[in-house]
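K.L.:
Need coordinates for the below:
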Amino acid sequence: MKNYNFDEYINRKNSDCVKYDGLKKYFDVENARPMWVADMDFQTPKFILDDLKKVFDKKILGYPIVSNKVHDSIISWYKKRHDLSNFTENDILLTSGVVTALSACIEAFSNENDEVIIQTPVYFPFFSVVKDNNRKLILNPLKNSDDYYTMDFKDLENKITSKTKLLILCSPHNPVGRVWSKEELLKLAKICYENNITIISDEIHSDLVFKKFTSFLHLEDKYLNNLVILNSPSKTFNLAGLNSSYIICKNSTLKKRLNSVINKHHIGSVNIFGLESIISAYNKGEEWLEFLLQYLKDNINYVDDFLKENNNSITFNKPEATYLLWLNFSKIKDSHKNIFDRLLHNANLVLNDGSTFGKEGKYYFRLNIALSKNELIKSLSYLNNEFN
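P.N.:
Here you go, the predicted structure:
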């Protein structure tokens with residue numbers, strides 16, 4: 001068994017990364033501690049970097065062919081990690097990003113002015129990708145009970161009309177960190193099945209879970225007929241810059257329509273490094289992932305203990321998945337805007353503004369804890385100095 005060093009500090013400044021070098025552009029600050037963008041400050045696994053170096057050794061970076069190894073690695077990973085073997089190579093489409101794939105799904109499975117449901121607070125590109133495709137956005141807010149979120153099925157059913165064609169699911173959920181139970185997914189599936197609504201399930205965080213993950217693919221076959229799964233190894237293995245993702249679609253009619261849109265926009269090509277990263281991550285990454293999950297769990301527990309020990313008014317519910325904490329600042333006697341300004345200019349911390357995930361995100365801010373323990377401790381001290 002190998003020992004992976006997640007305590008290593010890697011200076012990412014001046015590396016042309018959004019997380020650090022985008023601070024001036026997006027927040028008009030330069031020296032704050034960035035805990036916003038959902039990528040990790042851990043080194044991309046060495047075995048992946050080594051395999052990418054072998055691509056350079058070929059000496060010519062020409063057009064790649066998608067070998068069977070790519071699809072085989074995806075199928076093998078789902079079998080190993082999620083005990084799923086109910087899809088084949090023919091059910092897989094490659095794309096240059098999950099949001100790209102989401103946009104293609106909206107175009108393929110609905111018409112302009114059709115309705116698309118999202119469950120807020122949720123990953124903010126869900127809003128823009130619907131509006132940019134000239135579809136009508138329908139909000140089905142999650143129910144919040146002491147920062148534990150559940151689906152509001154009654155509200156969902158009340159909002160469905162003959163124009164409702166799609167529901168975009170975030171599973172596991174970003175930013176609230178829920179891993180939906182099989183019972184929740186089944187109830188959602190039944191509602192959408194009865195109303196002929198196609199479900200687009202974004203499962204990009206499905207490996208970063210602290211309890212058993214249930215994919216929509218675990219449900220009975222009839223519910224898979226109006227289902228599209230979006231995924232990528234990018235979050236799990238810190239590969240976001242490679243823009244490599246894939247779609248799983250078992251309905252041949254839906255797949256044909258989707259493939260037509262992908263070909264129309266020429267977004268089905270994954271670059272030579274992206275292809276190699278999928279193979280490497282999914283064939284070699286299980287042990288590394290187990291160490292990562294333990295480290296993330298320890299960081300989450302540390303934040304929880306720190307806030308409680310310091311009698312801090314900031315609270316959160318431990319996530320069931322992701323390395324993102326949905327911090328509740330509602331006990332801080334200040335406005336949402338002032339809290340954000342204090343985080344940015346007094347505490348020198350850049351967190352995601354919760355309001356960008358929907359109006360339900362007022363008084364919430366998203367904190368990325370995928371960094372070394374020492375750096376996390378420093379950031380929490382700044383947070384505590386300002387708000388306690």
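
K.L.:
How many residues are close by the nearest residue to Phe365 once chain neighbours are set aside?
P.N.:
Leaving aside its sequence neighbours, Phe365 sits nearest to Leu351 (CB to CB, 6 or more residues apart in numbering; 4.1 Å). Heads up, the C-betas are built off the backbone N, CA and C, glycines and all. Look at Leu351: counted by other CB atoms under 10 Å, it has 25 neighbours.

K.L.:
Contact partners for Leu351?
P.N.:
Leu351 makes contact with 35-36, 327, 343, 365-367 under the criterion CB atoms under 8 Å, 6 or more residues apart in numbering.

K.L.:
Tell me the one among those nearest to Ser110.
P.N.:
Arg366 (28.9 Å; CB to CB).

K.L.:
So that closest one is in contact with Val350, correct?
P.N.:
No - the pair Arg366 and Val350 does not pass the contact test of CB atoms under 8 Å, sitting 10.6 Å apart.

K.L.:
joint contacts of these two?
P.N.:
Joint contacts of Arg366 and Val350 (CB under 8 Å, 6+ apart) are Trp36.

K.L.:
thinking again about what came up before, in strands, which of the contacts of Leu351 fall?
P.N.:
327, 365-367 (DSSP state E).

K.L.:
Can I get those in a markdown table including pLDDT and neighbour count?
P.N.:
Formatted as a markdown table, the ones in strands among the contacts of Leu351 follow (pLDDT from 0 to 100; neighbours: other CB atoms under 10 Å):
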| residue | pLDDT | neighbour count |
| --- | --- | --- |
| Leu327 | 98 | 22 |
| Phe365 | 98 | 26 |
| Arg366 | 98 | 25 |
| Leu367 | 98 | 24 |
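
K.L.:
out of those residues, who's nearest Val179?
P.N.:
Arg366 (17.3 Å).

K.L.:
ok, now how distant is Lys58 from Leu344?
P.N.:
45 Å (CB to CB, to the nearest Å).

K.L.:
of the two, who's got more company?
P.N.:
More neighbours surround Leu344 than the other of Lys58 and Leu344, with 18 against 9 (other CB under 10 Å).

K.L.:
Contact partners for that one?
P.N.:
Per CB under 8 Å, 6+ apart, neighbours of Leu344: 27, 29, 32, 350.

K.L.:
Sketch out the strands for the protein, chain order is fine.
P.N.:
33-34, 92-95, 115-118, 136-139, 143-145, 148-150, 164-170, 198-202, 227-231, 245-248, 324-328, 349-350, 352-353, 364-368.
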